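*Asks:* what follows is a protein structure lacking sequence information:
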């Protein structure tokens with residue numbers, strides 16, 4: 001027969017703001033004598049206190065009582081297994097955790113949903129005092145049978161981990177509010193009353209703190225893939241190296257979902273320790289739908305690339321940072337997306353789309369705008385000239401940038417004609433004449449490079465004076481083959497360099513292979529039955 005102890009308890013609601021932790025109980029270092037029914041066990045390389053619950057009588061004294069000024073909440077991992085004779089189900093039993101003074105007076109007490117797997121629980125402080133005891137129980141909740149509701153179970157097994165206490169965070173002197181408002185794909189977001197997200201970021205020598213506030217008229221979670229639900233994605237590039245792809249060392253993508261635990265949606269390389277999270281619903285009063293996330297990242301849990309050391313914070317240190325907020329109202333089912341910095345939905349795998357935050361005095365952060373221009377497009381050349389079609393094709397190598405090149409502005413004779421993302425451009429409908437092409441690289445923040453230029457012409461036509469006959473030489477500029485168009489018989493062709501030296505001679509042909517010539521300006525002499533005629537061409 002399972003026994004129950006009756007008591008009525010009140011549970012504190014959640015609040016916000018985290019700070020550096022103080023560990024008041026740790027099974028790995030606990031030196032006190034354990035009561036009967038308790039032992040320290042190793043589970044997956046971590047020490048936990050295993051307790052055979054004994055109603056309200058299960059507790060351990062701390063190694064040393066401690067008072068923590070302005071303590072706000074504590075966290076503790078826990079899981080529960082029911083006794084074989086238990087007639088209750090796990091969802092009918094809360095895990096009860098309490099920090100108490102020497103006389104077992106309440107300091108921080110709360111009941112949370114029990115879990116068969118380890119879950120980190122957050123309990124708020126109701127008063128201040130010297131913490132001397134840690135008490136735990138399995139408490140039948142309101143869904144249990146009448147007559148035993150809010151009583152404590154006997155015989156169930158509870159495992160608890162370290163207890164970490166957090167004081168209220170001291171606000172920075174001032175900090176920028178990050179507005180998550182770049183429209184990535186926000187087809188159905190009407191206005192701020194439909195969906196709005198802001199973030200406040202502060203820091204100290206222990207942690208990076210982020211308070212997300214979300215206003216949402218419809219909170220949506222149908223249990224499907226987390227990225228299709230209402231969620232916040234946080235991106236951190238701890239060495240601000242802005243790679244074109246994740247380095248899987250110090251680039252992180254974290255996800256936050258209302259009413260979901262940290263480890264349930266952050267797995268693998270993103271399941272880092274040292275993260276504390278409070279999730280509060282109704283951020284702006286009970287009549288306004290929404291929620292908030294108040295989180296802290298312990299810097300010593302984040303490893304820097306190419307080193308074996310943790311991230312070291314300090315004034316002037318910069319980190320890559322971005323936020324992607326997704327809103328799905330379910331009708332229609334569409335993931336509307338807003339970002340803080342990125343202009344592309346590819347930020348999920350491309351750190352060079354992310355913005356930059358700099359750590360400042362007083363726990364502040366500063367937004368660092370990008371002002372560095374890309375390199376000028378290298379190796380700009382004329383690929384081909386089609387005299388008859390009036391087309392000139394140019395080509396260049398990709399520019400480099402500290403973030404990402406967004407495109408290229410193409411100008412002809414100082415007039416912008418197009419913006420392209422490729423590294424090749426064809427100008428059409430050109431009449432005979434000379435043209436100067438300029439190409440300027442533009443990054444995703446609008447910074448423009450110096451121009452690269454190249455000259456080209458639709459020319460190469462020689463009119464023989466007095467008889468109306470002509471010779472056409474094309475393409476000009478030429479890459480591989482130079483063509484000669486004429487109705488006369490060609491006896492000999494000579495190619496001369498700019499100094500007048502003959503570098504190539506051919507007889508009786510209308511095609512000339514110039515691929516072996518160096519780049520530069522050359523003269524072509526065409527000898528026909530009517531005479532010898534000379535023109536200039538450019539070899540690419």
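*Replies:* Here it is on my side, so go on. This one's a predicted model, so the numbers in the text were calculated from it and none came from an experiment.

*Asks:* what about the nearest residue to residue 483 once chain neighbours are set aside, how many residues close to it?
*Replies:* Closest residue to residue 483 apart from its sequence neighbours, by CB to CB, 6 or more residues apart in numbering: residue 474 at 5.4 Å. In short, each C-beta sits where N, CA and C put it, glycine included. Residues lying near residue 474 (other CB atoms under 10 Å) number 20.

*Asks:* try the one 4 residues further on
*Replies:* By other CB under 10 Å, 25 other residues sit near residue 478.

*Asks:* quickly find the element holding residue 417.
*Replies:* strand 415-420 (DSSP states H and E).

*Asks:* skipping adjacent residues, who's closest to residue 141 in space?
*Replies:* Residue 141 sits nearest to residue 94 (CB to CB, 6+ apart), 4.9 Å away.

*Asks:* kindly report the same for residue 506.
*Replies:* Using CB to CB, 6+ apart, the closest residue to residue 506 is residue 493 (4.9 Å).

*Asks:* what about the one you found, how many neighbours?
*Replies:* 22.

*Asks:* and what of residue 200?
*Replies:* The burial count for residue 200: 17, using other CB under 10 Å.

*Asks:* could you do the one 3 residues further on as well?
*Replies:* Other residues within reach of residue 203, judged by other CB under 10 Å, total 26.

*Asks:* so it sits right up against residue 297, yeah?
*Replies:* No - the criterion here is CB atoms under 8 Å, and residue 203 misses it with residue 297 at 9.4 Å.

*Asks:* ok, which stretches of this structure are helices?
*Replies:* 262-265 (DSSP state H).

*Asks:* so where is it shaky, pLDDT-wise?
*Replies:* Along the chain, segments meeting pLDDT under 70 span 1-20, 168-176, 269-271, 273-274, 282-288, 303-310, 459-470.

*Asks:* top strand in it by residue count?
*Replies:* strand 154-167 (DSSP state E).

*Asks:* buried by neighbour count: which residues of it qualify?
*Replies:* For strand 154-167, the neighbour count (16 or more other CB atoms under 10 Å) marks 154-156, 158-167 as buried.

*Asks:* need the max-distance pair from these.
*Replies:* Of all pairs drawn from the buried residues of strand 154-167, the widest gap by CB to CB lies between 155 and 167 and measures 36.9 Å.

*Asks:* for the residue nearest to residue 506, what are its contacts?
*Replies:* 484, 505, 506, 507, 509, 512, 524, 525, 526, 527 (CB atoms under 8 Å, 6 or more residues apart in numbering).

*Asks:* that one pairs with what?
*Replies:* Per DSSP bridges, the residues bridged to residue 493 are residue 506, residue 526.

*Asks:* report the separation between it and residue 386.
*Replies:* Residue 493 is 21 Å from residue 386, where distance means CB to CB, to the nearest Å.

*Asks:* try residue 364
*Replies:* For residue 364, the distance to residue 386 - CB to CB - is 60 Å.

*Asks:* check residue 396 too.
*Replies:* 19 Å.

*Asks:* first-to-last residue distance for stretch 99-119?
*Replies:* One end of stretch 99-119 sits 18 Å from the other (CA to CA, to the nearest Å).

*Asks:* quick one: that stretch to chain centroid distance?
*Replies:* Distance of stretch 99-119 from its chain centroid, counting by CA atoms, centre = their mean, to the nearest Å, is 36 Å.

*Asks:* could you do stretch 153-164 as well?
*Replies:* 37 Å.

*Asks:* go on, stretch 89-101?
*Replies:* Centre to centre, stretch against its chain (CA atoms, centre = their mean), the figure for stretch 89-101 is 37 Å.

*Asks:* got it, and stretch 67-87?
*Replies:* On CA atoms, centre = their mean, the centre of stretch 67-87 falls 33 Å from the chain's centre.

*Asks:* stretch 532-540 now?
*Replies:* Using CA atoms, centre = their mean, the offset of stretch 532-540 from its chain centre is 55 Å.

*Asks:* okay, now the closest residue in space to residue 539 that isn't next to it in sequence: neighbour count?
*Replies:* Once flanking residues are discounted, residue 539 sits nearest to residue 517: 4.8 Å by CB to CB, 6+ apart. By other CB under 10 Å, the residues close to residue 517 number 18.

*Asks:* could you do residue 219 as well?
*Replies:* 20.

*Asks:* okay, residue 55 and residue 37: tell me how far apart.
*Replies:* For residue 55 relative to residue 37 (CB to CB), the value is 11 Å.

*Asks:* so for these two, which sits in the more crowded spot?
*Replies:* Of the pair residue 55 and residue 37, residue 55 is the one with more neighbours under other CB under 10 Å, namely 18 against 14.

*Asks:* need the buried residues of strand 154-167 in JSON lines (columns: distance to residue 535).
*Replies:* Shown next, in JSON lines, are the buried residues of strand 154-167 (distance: CB to CB, whole Å):
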{"residue": "154", "distance to residue 535": "105"}
{"residue": "155", "distance to residue 535": "103"}
{"residue": "156", "distance to residue 535": "98"}
{"residue": "158", "distance to residue 535": "94"}
{"residue": "159", "distance to residue 535": "90"}
{"residue": "160", "distance to residue 535": "91"}
{"residue": "161", "distance to residue 535": "86"}
{"residue": "162", "distance to residue 535": "86"}
{"residue": "163", "distance to residue 535": "89"}
{"residue": "164", "distance to residue 535": "83"}
{"residue": "165", "distance to residue 535": "87"}
{"residue": "166", "distance to residue 535": "82"}
{"residue": "167", "distance to residue 535": "84"}
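
*Asks:* so which of the residues you listed is the closest to residue 326?
*Replies:* residue 166 (28.5 Å).

*Asks:* verify the stated contact: that closest one with residue 69.
*Replies:* No - between residue 166 and residue 69 there is no contact under CB under 8 Å: 12.0 Å.

*Asks:* could you list the domains of the chain?
*Replies:* 5-167, 177-367, 381-458, 461-539 (automatic domain parsing).

*Asks:* neighbours of residue 228, how many?
*Replies:* So residue 228, with other CB under 10 Å, has 15 neighbours.

*Asks:* again with residue 511
*Replies:* Residue 511, neighbours per other CB under 10 Å, totals 10.

*Asks:* and what of residue 325?
*Replies:* 29.
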